[in-house]
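A.B. asks: got a predicted structure plus its sequence, pasted below:
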Amino acid sequence: MMFGLLVLTGTGLFVAQSQKPEAAANQPPRLTTTPRPASSTGANDSAPTDKPSDDLTPAVVVLSPTTIATPPPTETTPTPTGSLEDVVSRVLPAVASISAGQARGTGFFVRADQVLTNAHVVQGQSSVTLQVGNATYSARVERVSQSTDLALLQVNNANPSQATLRLGSVASARVGEEVIAVGSALGVLSNTVTRGIVSALRQVGPVTLIQTDAAINPGNSGGPLVDRSGLVIGINSMAIQAQAGQGLAFAVAIDHAANLLSGGAMSASSQTPLSALTRAMGGPSDTDQQRARGEQAYAQVLEWAARNGQQLDAYWDKYAAACVASASRAGDRPWFAAFEPNGIRLTATSTFNCQSWLDTIQNNAAAIKAEVDKAGEIARKNGVYPGVLRDVRRRYHMDWSGWDL
């Protein structure tokens with residue numbers, strides 16, 4: 001799901017929520033919220049995983065030789081080239097809208113009981129719902145290839161007379177030839193047809209991509225890219241957003257579906273077409289993206305710590321003058337002295353219960369420190385540099401020398 005440039009064309013929805021801290025009161029403060037847990041990968045669950053930088057300028061990807069697997073034989077006889085309207089009328093009955101949890105996408109029937117789509121459309125789902133005209137089917141996710149971003153669905157209670165599409169090959173694709181993309185634009189406009197040409201054939205890692213200027217919008221993911229004979233030559237997968245470049249969309253070559261359909265072995269590569277294309281266009285590597293996610297997760301915890309730290313600041317300021325004889329200064333907040341052995345010495349005489357006040361300071365400070373320590377360890381495992389962690393702490397006025405140890 002790129003920082004506004006190269007995007008997968010399935011649709012999805014997520015809801016983020018936060019809590020406001022309780023107002024500081026005369027009573028000893030309590031931690032108002034718990035920080036959002038940082039995962040072992042530093043990833044935000046709703047956040048897309050493959051994104052290039054905001055200033056990415058699309059660049060030419062150098063082609064390299066490749067061997068493309070021959071697609072399985074089709075069961076129907078060839079259909080002669082006809083008018084554009086004839087081709088569209090043959091294709092539409094075989095195209096399905098897919099609802100996969102909160103995601104929306106497109107697929108197409110290659111057999112009466114099997115549908116091809118993109119892996120990112122059905123990500124995390126074991127079953128999906130298909131809408132084909134007025135008919136609704138359930139289907140299970142049969143096989144998934146992350147390395148090619150393809151998935152095969154097995155339809156339950158399939159209609160034996162269901163229309164299907166014939167598979168062509170990228171080997172027959174010619175730069176400049178006319179192609180048609182079909183899908184559920186924006187996840188709701190089913191059977192949307194757009195027309196363009198094959199702009200280029202791109203070899204990105206082990207995957208062959210067909211570059212086209214046919215409009216491919218969110219929700220089109222998994223739909224067919226067909227030639228003027230009605231043969232599927234690609235599966236619509238991703239597009240570069242308009243503010244970065246016009247008419248730049250990509251389909252995974254249909255040849256990569258051969259292993260899915262034949263039951264052959266799947267590649268163990270974790271690289272997806274999106275991540276490979278991102279790097280080819282000068283975007284960040286997987287390691288860089290992991291590091292960025294780790295920094296973001298650490299910053300979320302520091303924001304929580306600073307919000308609770310402000311309440312502890314007020315509680316310190318209210319009683320410190322009466323209770324504190326001396327306190328070490330080792331960081332941005334006066335109560336950081338609680339992190340140091342014997343860092344706070346109480347005055348011998350006071351009209352307040354200073355020991356109870358100090359216990360509250362120490363307990364709250366320890367809870368904050370524990371979360372920051374845990375987030376820092378996860379961030380370091382994700383490759384976030386110590387200097388970056390220090391800059392994040394300084395941004396939230398939460399720096400303490402002990403966190404650099």
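C.D. replies: Nice, I can see it. Numbering: from 1, shown residues only.
A.B. asks: got the buried residues for stretch 326-344?
C.D. replies: By 16 or more other C-beta atoms under 10 Å, the buried positions in stretch 326-344 come out as 327-328, 331, 333-340, 343-344. In this view, the C-beta of every residue, glycine as well, is placed from N, C-alpha and C.
A.B. asks: who's in contact with residue 157?
C.D. replies: Going by C-beta atoms under 8 Å, 6 or more residues apart in numbering, residue 157 touches 137, 138.
A.B. asks: quick one: secondary structure of the spatially most distant residue from the centre of the chain?
C.D. replies: The outermost residue of the chain relative to its centre, with distances by C-alpha atoms, centre = their mean, is residue 349 at 58.7 Å. Judged by DSSP: H, G, I helix; E, B strand; the rest coil, the three-state class of residue 349 is coil.
A.B. asks: mean confidence for stretch 95-106?
C.D. replies: The pLDDT scores in stretch 95-106 average 86.
A.B. asks: tell me how far the ends of it are from each other?
C.D. replies: 7 Å (C-alpha to C-alpha, to the nearest Å).
A.B. asks: tell me which residues of it are tucked away?
C.D. replies: Those would be 95, 96, 97, 98, 99, 100, 103, 104, 105, 106, for stretch 95-106 by 16+ other C-beta under 10 Å.
A.B. asks: ok, so of those, who is nearest residue 311?
C.D. replies: Minimum distance to residue 311 across those is 39.9 Å, recorded for residue 103 (C-beta to C-beta).
A.B. asks: and that closest one, bridged to which residues?
C.D. replies: residue 100 (DSSP bridges).
A.B. asks: wait, it sits on residue 129?
C.D. replies: No - Residue 103 lies out of contact with residue 129 (C-beta atoms under 8 Å); the separation is 11.3 Å.
A.B. asks: what's the overlap in contacts for those two?
C.D. replies: When C-beta under 8 Å, 6+ apart defines a contact, no residue borders residue 103 and residue 129 alike.
A.B. asks: redo the buried residues of stretch 326-344 as JSON lines? Include pLDDT, distance to residue 222 and secondary structure.
C.D. replies: Below are the buried residues of stretch 326-344 laid out as JSON lines (pLDDT from 0 to 100; distance: C-beta to C-beta, whole Å; DSSP: H, G, I helix; E, B strand; the rest coil):
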{"residue": "327", "pLDDT": "91", "distance to residue 222": "62", "secondary structure": "strand"}
{"residue": "328", "pLDDT": "89", "distance to residue 222": "61", "secondary structure": "coil"}
{"residue": "331", "pLDDT": "88", "distance to residue 222": "52", "secondary structure": "strand"}
{"residue": "333", "pLDDT": "93", "distance to residue 222": "52", "secondary structure": "coil"}
{"residue": "334", "pLDDT": "93", "distance to residue 222": "57", "secondary structure": "helix"}
{"residue": "335", "pLDDT": "93", "distance to residue 222": "54", "secondary structure": "helix"}
{"residue": "336", "pLDDT": "93", "distance to residue 222": "53", "secondary structure": "helix"}
{"residue": "337", "pLDDT": "91", "distance to residue 222": "58", "secondary structure": "helix"}
{"residue": "338", "pLDDT": "91", "distance to residue 222": "56", "secondary structure": "helix"}
{"residue": "339", "pLDDT": "91", "distance to residue 222": "53", "secondary structure": "helix"}
{"residue": "340", "pLDDT": "89", "distance to residue 222": "58", "secondary structure": "coil"}
{"residue": "343", "pLDDT": "90", "distance to residue 222": "60", "secondary structure": "coil"}
{"residue": "344", "pLDDT": "92", "distance to residue 222": "62", "secondary structure": "strand"}
